[in-house]
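In: Sequence and predicted structure are below.
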There are 2 protein chains.
Amino acid sequence: MEGELQRTVGENLRRYRQQRGLSQESFAEALHVHRTYMGSVERGERNLTLQTVERLAQTLGIAPIDLLNKPSEPQ
Amino acid sequence: MEGELQRTVGENLRRYRQQRGLSQESFAEALHVHRTYMGSVERGERNLTLQTVERLAQTLGIAPIDLLNKPSEPQ
DNA sequence: TTGTGACTTATAGTCCGTA
DNA sequence: GTACGGACTATAAGTCACA
């Protein structure tokens, strides 16, 4: 289904953020992106590019694949 | 490293194509994209969006993750 | 604290040549 | 059969005011 990947990435990012007990604002700041941009990414509204996924994963200190995989389907 | 994901996707696509013994032209046609675009994707020059990766994978009949994972590092 | 719409700038996606 | 350049249109990246 179209847009599934971006929704997965959004869910994963939200989970990572909540696990750290952070607000969208402080999380966005840590990732060097704007608060409202991060919010729309978490909601799966943004069709991210591979480089953006890569950059977010790198800043989080995880592998890009960990953002792209559904947690329920750890591939 | 920046651009690693798109290079991986390119390598994977080229491998899939060659396994099928197809030219870039007929492969591109099968994937409903332009010949020259497909070439640059294979070369890792294109920073694809998630929806594009998804669409290509779907047309190939594989999971998006299979395009995103390095074959040498099957995750 | 988070979501929404509108907006500008950068670039993805497409197609045409040429070699 | 493949690579590369230029030109164009669609859309991602990034920001803001307001709810």
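Out: That came in fine, so what should we check first?

In: Report the central residue of chain A.
Out: A centroid search over chain A (Cα atoms, centre = their mean) returns A:Leu13, at 3.3 Å, as the residue closest to the centre.

In: For that residue, give me its contacts.
Out: Each residue near A:Leu13 by Cβ atoms under 8 Å, 6 or more residues apart in numbering or on different chains is listed here: A:38, A:41-42, A:56, A:67. Every C-beta, even on glycine, is put in place using the N, C-alpha and C of the backbone.

In: Same question for stretch A:50-59: list its buried residues.
Out: Neighbour-count burial for stretch A:50-59, with 16 or more other Cβ atoms under 10 Å in any protein chain shown as criterion, is recorded at A:50, A:52-57.

In: er, stretch A:61-73 actually
Out: When burial is assessed from 16+ other Cβ under 10 Å, stretch A:61-73 yields the following buried residues: A:64-65, A:67-69.

In: Could you check how far A:Glu54 is from DNA strand C?
Out: In this structure, A:Glu54 and DNA strand C are separated by 11 Å, where distance is defined by Cβ to the nearest atom of the strand, to the nearest Å.
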